[in-house]
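Novice: build the 3D model from these lines:
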Amino acid sequence: MRRVTAKRLATVSLAAVLGTGLVGMFAAFPSVAAAEAEAPAGFHALFNGEDLAGWHGMPHFDPQKLAALSDEEQLQHLEGWWKETVAHWTVENGELVNDGKGPYLTTNREYGDIELLIEYRTVPLADSGIYLRGTPQVQIWDWTEAGGKWARGADKGSGGLFNNPDGAPGRDPLVLADKPFGQWNRFRIVQVGERTSVWMNDRLVVDHALMDNYWNRDLPLFRTGRIQLQTHGGEIRWRNLFVREIPSGEANFILASHGDDDYQPVFNGKDFIGWQGPVDNYEVVNGAIVCKPGQGGNIYTDDVYEDFQVRLQFRLPPGGNNGLAIRYPGQGNAAYDGMTELQVLDTNHPRYGGRLDPRQAHGSAYGMIPAHDGYLRPTGEWNFQEVTVVGPRIKVELNGTVILDGDVSQVTDFMGGTPHPGRTLTSGHFGFAGHNEPVRFRHIRIKRLESEAPEKATGNTDAGS
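Specialist: I've put the predicted structure just below:
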């Protein structure tokens, strides 16, 4: 048996991790060329089969708290964690081996939208998981009754998003797909925004579920973060760790394709048949509705909607500004006379100079409810957005991440003290509120919904099993 000792791991990897300082550690993606030949097309190997290049140790620790420390304090933590890591992690025959103790092996590099392939083999009573974006976790159980955790859901098997709220989609796997102890299990994980799908041994166990932010349930999942291999309670082995970063076009396709049979197109990609308002202020360019520079106004569908869900793609020019008119009455200002205008805005462009009210950020119910910032794709790329309107409640999902979920009927503090009389409307048109900028919209589809107010679940407080 070929075994790499902790001493060699420390010699090889501590220098790679800490030798160039903290900034260098997290900025670079150390070479793993030894395993690249085995990686599937389009993937990179996370583990080179020889040592811990590209990894460092980190226990269950809020990444935001770590980032808030000074460089010196962070290095102190990392050095201490590394000493523990090499005491509990070894490499044998091209496999990562952990004895069930110590910090979790953590990628130096952060990832956003990914496809992750990973295999593991564990033992009775062991407990583990995979942190995505530094957040727990895709669960790995001892799923047998003898493991003693059926009361916590272990009887349903591994692969679920254990730290999702109880009863929420993804919390428990759809099927039990674990193999008997002694055999290798295989995960395929696809994550776009918060939307997470997990296949275990080629069986779908989590289907496009939103992954909760364990560290702060009032905030969305981080846009990027590190992959961590959680270990405790018994030996676990890992092999064939490969990752592929998903480009924005593919990410948009994944988001748009899930459950899309019930959506009806409201724009034919050619002209403004089915639309009203000052359509001469807009044009159709390469299948997209574009507000002409220096013009604008509210254009809207012929159809009227009560509760509905709309999916679309949009592309912002630098500093671009537009809006989604929700339950627009056909006249007046979409933000005030309609139920609301959902901002479509290059929020952090220098032209706004940090002067925006939070209720003006992209995705916000203008002047009423602020959306979470930081989830737009780089300017010039197409974004995918889904908006759900049920009664007085609006949910905005941007690129797979929920950035707003609020009830406009409960708002009492309005930006500038200006009332929004239209917020009580129960039906109206859908449209765009152009503001002189060539913002583009395409693939616009709407699904009517039955009136049923969604409920918010409460979170699980455990970090793992």
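Novice: any chance you could map the helices in the protein?
Specialist: Secondary structure of the chain by DSSP state H: the helices cover 6-18, 21-27, 33-36, 63-68, 71-88, 248-257.
Novice: how close does the residue positioned nearest the centre of the chain sit to residue 385?
Specialist: For the chain, residue 193 is the residue whose C-alpha lies nearest the centre (CA atoms, centre = their mean; 2.1 Å). The gap separating residue 193 from residue 385 is 11 Å, by CB to CB, to the nearest Å. Bear in mind the C-beta positions are built from the backbone N, C-alpha and C, glycine included.
Novice: which neighbours do the two share?
Specialist: Counting by CB atoms under 8 Å, 6 or more residues apart in numbering, the common neighbours of residue 193 and residue 385 are 397-399.
Novice: enumerate every residue touching the residue nearest to residue 77 when sequence neighbours are not counted.
Specialist: Closest residue to residue 77 apart from its sequence neighbours, by CB to CB, 6 or more residues apart in numbering: residue 66 at 6.8 Å. Contacts for residue 66 (CB under 8 Å, 6+ apart) come out as 58, 74, 77.
Novice: can you tell me the closest non-neighbouring residue to the first one?
Specialist: Once flanking residues are discounted, residue 58 sits nearest to residue 106: 4.3 Å by CB to CB, 6+ apart.
Novice: the one you found: neighbour count?
Specialist: 26 (other CB atoms under 10 Å).
Novice: could you do residue 211 as well?
Specialist: For residue 211, using other CB under 10 Å, the count is 26.
Novice: next: residue 151.
Specialist: 7.
Novice: and for residue 94?
Specialist: Around residue 94 sit 16 other residues, with neighbours defined as other CB under 10 Å.
Novice: how much space between it and residue 121?
Specialist: 13 Å.
Novice: now do residue 432
Specialist: Counting by CB to CB, the gap from residue 432 to residue 121 is 53 Å.
Novice: and these two? which has more neighbours close in?
Specialist: Between residue 432 and residue 121, residue 432 has the larger neighbour count (other CB under 10 Å), namely 28 against 18.
Novice: my guess is the more buried one contacts residue 325, does it?
Specialist: Yes: counting by CB atoms under 8 Å, residue 432 touches residue 325, with 6.4 Å between them.
Novice: joint contacts of those two?
Specialist: 298, 300.
Novice: give me the contact list for stretch 358-374.
Specialist: By CB under 8 Å, 6+ apart, the residues outside stretch 358-374 that reach it are 219-220, 223, 323, 335-336, 340-348, 357, 376, 385, 394, 396, 398, 401, 403-404, 406, 408, 411, 414-416, 418, 420, 423.
Novice: who's the nearest residue to residue 189 once chain neighbours are set aside bridged to?
Specialist: In this structure, residue 189 finds its nearest non-sequential neighbour in residue 116, 4.3 Å apart by CB to CB, 6+ apart. Beta-bridge pairing for residue 116 (DSSP bridges): residue 189, residue 243.
Novice: got the contact list for residue 116?
Specialist: Residue 116 neighbours (CB under 8 Å, 6+ apart): 130, 132, 187-191, 227, 241-244.
Novice: by neighbours, which of those residues wins?
Specialist: Counting by other CB under 10 Å, top hit in the contacts of residue 116: residue 241 with 28 neighbours.
Novice: who's in contact with that one?
Specialist: With CB under 8 Å, 6+ apart, residue 241 has these contacts: 45-47, 96, 116-119.
Novice: what ranges of the stretch 351-465 of the chain fall below the confidence cut-off?
Specialist: 451-465 (pLDDT under 70).
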